[in-house]
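K.L.:
Output the structure for:
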Amino acid sequence: MIDWTYDAAKLSLNLLFKLWRMRVFGAHNVPATGPVIVACNHISYFDPPLLGTACPRRIRYMAKASLFSIPVLGPLITGFGAYPVDRTGPPMAAVRRSVEVLRRGEVIGIFPEGTRNLDGTVQAREGVALLASLGRAPVVPAAVVGTRDPARFGRFSVIFGAPLRLPEGRKATREELANFTEQVMQAIRKLPETAGGD
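P.N.:
Numbering: from 1, shown residues only. Modelled structure (predicted):
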C-alpha cells in the first residue's frame, strides 16, 4: 500500500505547496539509488511533508509505535512510509530498525535536533552519525525555509546539499561521530544562504 498511498499524497501535496510557491534547490544531490539519510532542520510541523514532497525519492520516517494501532491513522502513516519505533524501549532497538531500512537501500528522513528547534538552541543528537556509520549511508543535509509562520502564505524553500560521508571500511570512533554530527549541522545551517533564503 505504501507505493500508491505515498505517490498520491505526494502529488496532492505538491499541488498544494506550489500554491504556496514552494521552490526546491539541489534535488540532484540526493543519490538516485542506495541507502541515504536526509538530515533536515525542524521548525514547523509542515517540515516533514514539505521535505517528502521535495525529495526525488520516497522518504521514510520513524514514528511512535503506539500510533500504528490507531484506526485509520495507523494504516495511513504506514502508507506514507512511516515505520514503528518503540521510544520507551532500548534506544538501540530504534537504531537497529532504522539500519534495517537503510540496508534495504531506502531513504530515511531525520531531524537531528529530535524536536522542533524554533530558536536555534536545541543541540543536535548523534543519532544521524550513528545511523550513517552502521547503515553505511551518506547523509544529505537539507534545509526547509519559510515554515516558521506558514499562516502568512509566504514562499517555502527546500534545499538539498551535497552528500556527506563518514570514513568507509571501518567503524567510526566516538570522536568522529561527534565531529560528523557537527559537520552535518553546519552544512544544514549554511544551506539557506545558497538559495538566498534566511
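
K.L.:
which other residues reach the top helix by length along the chain?
P.N.:
Once the chain is assigned using DSSP state H, the helix that runs over the most residues is helix 174-194. Defining contact as CB atoms under 8 Å, 6 or more residues apart in numbering, one finds that helix 174-194 is touched by 25-26, 39-41, 112, 124-126, 128-130, 132-133, 139, 141-143, 145, 157, 159-162, 164, 166-167, 172, 198. Glycine gets a C-beta too; all of them are placed from N, C-alpha and C.

K.L.:
pLDDT of that helix, averaged?
P.N.:
In this model, helix 174-194 carries a mean pLDDT of 91.

K.L.:
What are the buried residues along it?
P.N.:
Buried residues in helix 174-194, counted by 16 or more other CB atoms under 10 Å: 176-177, 180-181, 183-185, 187-188, 191-192.

K.L.:
Now do the strands in this structure.
P.N.:
23-25, 36-40, 59-60, 62-64, 83-85, 107-110, 139-145, 157-160 (DSSP state E).

K.L.:
tell me what the longest one is packed against?
P.N.:
Here strand 139-145 touches strand 36-40, helix 47-54, helix 127-134, strand 157-160, helix 174-194, going by 3 or more CB pairs under 8 Å, 6 or more residues apart in numbering; DSSP states H and E.

K.L.:
Most distant residue from the centre of this structure?
P.N.:
Outermost residue of the chain with respect to the C-alpha centroid, by CA atoms, centre = their mean, is Pro71; its distance is 25.6 Å.

K.L.:
pLDDT score assigned to that residue?
P.N.:
In the prediction, the pLDDT value recorded for Pro71 is 82.

K.L.:
same check, this time on the one 5 residues further on
P.N.:
According to the per-residue confidence, Leu76 scores 67 in pLDDT.

K.L.:
just to revisit the earlier point, let's have the strands of the chain in JSON lines, adding mean pLDDT and distance to Gly52.
P.N.:
JSON lines is the format used below for the strands of the chain (pLDDT from 0 to 100; distance: least, CB to CB, whole Å):
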{"stretch": "strand 23-25", "mean pLDDT": "89", "distance to Gly52": "12"}
{"stretch": "strand 36-40", "mean pLDDT": "96", "distance to Gly52": "9"}
{"stretch": "strand 59-60", "mean pLDDT": "90", "distance to Gly52": "5"}
{"stretch": "strand 62-64", "mean pLDDT": "78", "distance to Gly52": "13"}
{"stretch": "strand 83-85", "mean pLDDT": "78", "distance to Gly52": "14"}
{"stretch": "strand 107-110", "mean pLDDT": "93", "distance to Gly52": "7"}
{"stretch": "strand 139-145", "mean pLDDT": "94", "distance to Gly52": "11"}
{"stretch": "strand 157-160", "mean pLDDT": "92", "distance to Gly52": "10"}
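
K.L.:
Rebuild those as JSON lines, extending it with distance to Pro75.
P.N.:
Formatted as JSON lines, the entries for the strands of the chain read as follows, by distance: least, CB to CB, whole Å:
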{"stretch": "strand 23-25", "distance to Pro75": "29"}
{"stretch": "strand 36-40", "distance to Pro75": "24"}
{"stretch": "strand 59-60", "distance to Pro75": "16"}
{"stretch": "strand 62-64", "distance to Pro75": "13"}
{"stretch": "strand 83-85", "distance to Pro75": "12"}
{"stretch": "strand 107-110", "distance to Pro75": "20"}
{"stretch": "strand 139-145", "distance to Pro75": "27"}
{"stretch": "strand 157-160", "distance to Pro75": "27"}
